[in-house]
Every structure is written in structure tokens, then in C-alpha cells.
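Colleague: Sequence and predicted model, in that order:
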Amino acid sequence: LWKKTRGGRTHNAFLVWAEQKKAQGIDVYKDKRYKEAIQIFNDIIQSLYDEPSKLIGQVYDELMAACENNIAACYDALLDSIKCIEHCTKAIQLKPDYAKALVRRARCLHRLERPLEALEGFNNY
């Protein structure tokens, strides 16, 4: 998985693939093709689950959290607050100080008329 580039720098081929897929998912999201974007981000997550050794530690957590948060953004755009909260929570579990996920989850909790839970979410992290 680790390869040397022409300049002698080492990179992880899976990480390059995942970042390209993530960029593709973001472009699809911007085109408001939310269900397609969800599938792209889920593909990355599934690849990470299939072989977690492809990435280690913080890089794994960062990529997984970003994908979960991007899925949450799609569900937020689709006004599916329950699924948005679910994926925000997964992102926050991986990266407790993830501001975008914390704010998005709070907004969805508020949309569901659960403002106290929204505030508690900020106090817990």
C-alpha cells in the first residue's frame, strides 16, 4: 500500500484513492445528488471496515469521521434529522471536537424539538 513517488516521497495508495472518492462525493453533494453522495461515502467507510489496517490511528479516525459527517450533511439536506443525528454521533465518537458535526447534530435535535439534548451535546464534548 505504501508507494514511493517520483520525488521519493512515500504515500499510501488507499489514502489517495479515499481522498479522491471523498472529493467526488463532495462534488456530487454540491450537485444535490444526496443519495449518490451517501453511497460514495459509504463505499469509503466499507473499505475501511473491510481492511482497517490500510490506515492507522488518527488518519483512520479523521477519514472515517469526515465520511460520517458528510453522510450526515446529506441526510440533513434531505431533512432526515434522525439519520443525520445518527451519523453526526458516529463522527463525534471518532473526533469529539468535530465542530461541524456538533453543530449539525444540535441543529437537527432542535428541528426535532429536542433543544435540551442539543445543548447537552455541547456540554458533553
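Modeller: Done, it's in.

Colleague: Tell me which stretches of this structure form helices.
Modeller: Per DSSP state H, the chain carries helices over the ranges 13-30, 34-50, 57-77, 81-94, 99-111, 115-124.

Colleague: can you list those helices in JSON lines and add mean neighbour count and mean pLDDT?
Modeller: Bear in mind the C-beta positions are built from the backbone N, C-alpha and C, glycine included. Converted to JSON lines, the helices of the chain look like this (neighbours: other C-beta atoms under 10 Å; pLDDT from 0 to 100):
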{"stretch": "helix 13-30", "mean neighbour count": "16", "mean pLDDT": "94"}
{"stretch": "helix 34-50", "mean neighbour count": "16", "mean pLDDT": "95"}
{"stretch": "helix 57-77", "mean neighbour count": "20", "mean pLDDT": "94"}
{"stretch": "helix 81-94", "mean neighbour count": "20", "mean pLDDT": "97"}
{"stretch": "helix 99-111", "mean neighbour count": "19", "mean pLDDT": "94"}
{"stretch": "helix 115-124", "mean neighbour count": "13", "mean pLDDT": "75"}
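
Colleague: Name the residues that touch stretch 23-38?
Modeller: By C-beta atoms under 8 Å, 6 or more residues apart in numbering, the list of residues contacting stretch 23-38 from outside reads Ile40, Phe41, Ile44, Cys67, Asn70, Ile71, Ala73, Cys74, Tyr75, Ala77, Leu78.

Colleague: for the last one, what are its contacts?
Modeller: Right, Leu78. Residues touching Leu78, when contacts are defined by C-beta under 8 Å, 6+ apart, comprise Tyr34, Lys35.

Colleague: Quick check: Asn69 vs Glu113, distance?
Modeller: Remark: distance between Asn69 and Glu113 (C-beta to C-beta, to the nearest Å) = 23 Å.
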